[in-house]
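[1] requesting a structural model of the entry that follows:
(chains A and B)
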Amino acid sequence: DAGITQSPRYKITETGRQVTLMCHQTWSHSYMFWYRQDLGHGLRLIYYSAAADITDKGEVPDGYVVSRSKTENFPLTLESATRSQTSVYFCASFHRGANTEAFFGQGTRLTVV
Amino acid sequence: GQSLEQPSEVTAVEGAIVQINCTYQTSGFYGLSWYQQHDGGAPTFLSYNALDGLEETGRFSSFLSRSDSYGYLLLQELQMKDSASYFCAVTPQDSNYQLIWGAGTKLIIKP
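    Model (predicted):
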C-alpha cells in the first residue's frame, strides 16, 4: 500500500527493555522525522533524516537511536525504555521542493510500565 | 529562539466562523503550515502559505503576514467534524527543513 506506515500501532513494554518502532514510506521522500506527542502537548522532534545514512538530533533525542540505511525505512529504537518515554510516536515524511506538506503515519502508542 | 504561540482552546457554534491565530518569533522561514488532528488520529495537512496573503481551500482559509509575524486559520460553516486540534508550523530556512510547531489549539464546536 502506498503511504507511510508505522508498526506496531500499540506497544506495552517494561522499563529497561529495548524497543524498536518501525516506519516505512513508499514515496521515496528524502526527509523523514520522528516526533513524540504527550497529552496536551504539541509535537516534539526526536530525530530527523535528510536522506539515507544522514540523521540528526532534534529537540528531545536522549534515550533514542535512529538509523536510515534505506530511503524508505526510518526505525526508532529506545535503548532502555523509561516510564517518561510513554507517549504517542509519529513518523512523518516529506519531499524537499514540495510545499513542505508533511505526511504522518498513524502513530504508535507506547506504554512503558 | 524560535517559537509559535496559539490559543490552547477555542469554542464556537456549529455553522459559525472561527479564526485560530498563530503568532511566531522566528526569522527567515519558507512558509507557514496548518495541520488538523482529530483525537486519536495523526496530523493531516490543511494549508501552506509561502507568501503573505490569503489562501483559500474550500471552507478553510489561511492567512500570513510576515511583517506582523502573524498568521491565522479561518474555518467557515463549522461542522461537528471540524472538532479537532489545529497546529501551525513553520519551516525555518536554516533548519534543514525541520518544522517548528505550535502547541496546538483545541477547537470545540457546540451544536
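
[2] so where's the chain uncertain?
    With no chain named, the answer covers chain A. Along chain A, segments meeting pLDDT under 70 span A:1-2, A:97-100.

[3] not quite, I wanted chain B
    Residue ranges of chain B with pLDDT under 70: B:1, B:95-96.

[4] quick check: residues of chain B near chain A?
    With C-beta under 8 Å from any C-beta of the partner chain as the criterion, chain B meets chain A at residues B:30-31, B:33, B:35, B:41-45, B:48, B:50, B:87, B:91, B:96-99, B:101-104. From N, CA and C alone the C-beta is placed, and that goes for glycine too.

[5] what does chain A put close to chain B?
    So far as C-beta under 8 Å from any C-beta goes, chain A lies against chain B at A:31, A:33, A:41-43, A:45, A:48, A:50, A:56, A:58, A:90, A:92, A:94, A:96, A:99-107.

[6] give the residue farthest from the middle of chain B.
    In terms of distance from the mean C-alpha position of chain B, B:Pro111 ranks first, at 22.9 Å (C-alpha atoms, centre = their mean).

[7] thought that one was touching B:Ser83?
    No. The criterion here is C-beta atoms under 8 Å, and B:Pro111 misses it with B:Ser83 at 10.8 Å.

[8] picking up where we left off before, of the residues of chain B next to chain A, which belong to helices?
    Assignment to helices by DSSP state H places none of those there.

[9] out of these, which end up buried?
    Taking 16 or more other C-beta atoms under 10 Å in any protein chain shown as the criterion, what is buried in the residues of chain B next to chain A is B:31, B:33, B:35, B:42-43, B:45, B:48, B:87, B:91, B:97-99, B:101-104.

[10] of all the residues you listed, which comes closest to B:Cys22?
    B:Gly102 (5.7 Å; C-beta to C-beta).

[11] please tell me how far B:Val90 sits from B:Phe29.
    With the distance defined as C-beta to C-beta, to the nearest Å, B:Val90 ends up 4 Å from B:Phe29.

[12] the more surrounded of these two?
    B:Val90 (27 against 20; other C-beta atoms under 10 Å in any protein chain shown).

[13] now that one, which residues is it bridged with?
    B:Leu32, B:Ile100 (DSSP bridges).

[14] contacts only, for it.
    With contact taken as C-beta atoms under 8 Å, 6 or more residues apart in numbering or on different chains, B:Val90 is in contact with B:Gln2, B:Leu4, B:Tyr24, B:Thr26, B:Phe29, B:Tyr30, B:Gly31, B:Leu32, B:Ser33, B:Leu99, B:Ile100.

[15] check A:Thr86 too.
    A:Leu110, A:Thr111, A:Val112.

[16] compare those residues and tell me which is most surrounded.
    So for those (other C-beta under 10 Å), the most neighbours sit at A:Leu110, 21 neighbours.

[17] tell me the spacing between it and A:Arg83.
    A:Leu110 is 11 Å from A:Arg83, where distance means C-beta to C-beta.
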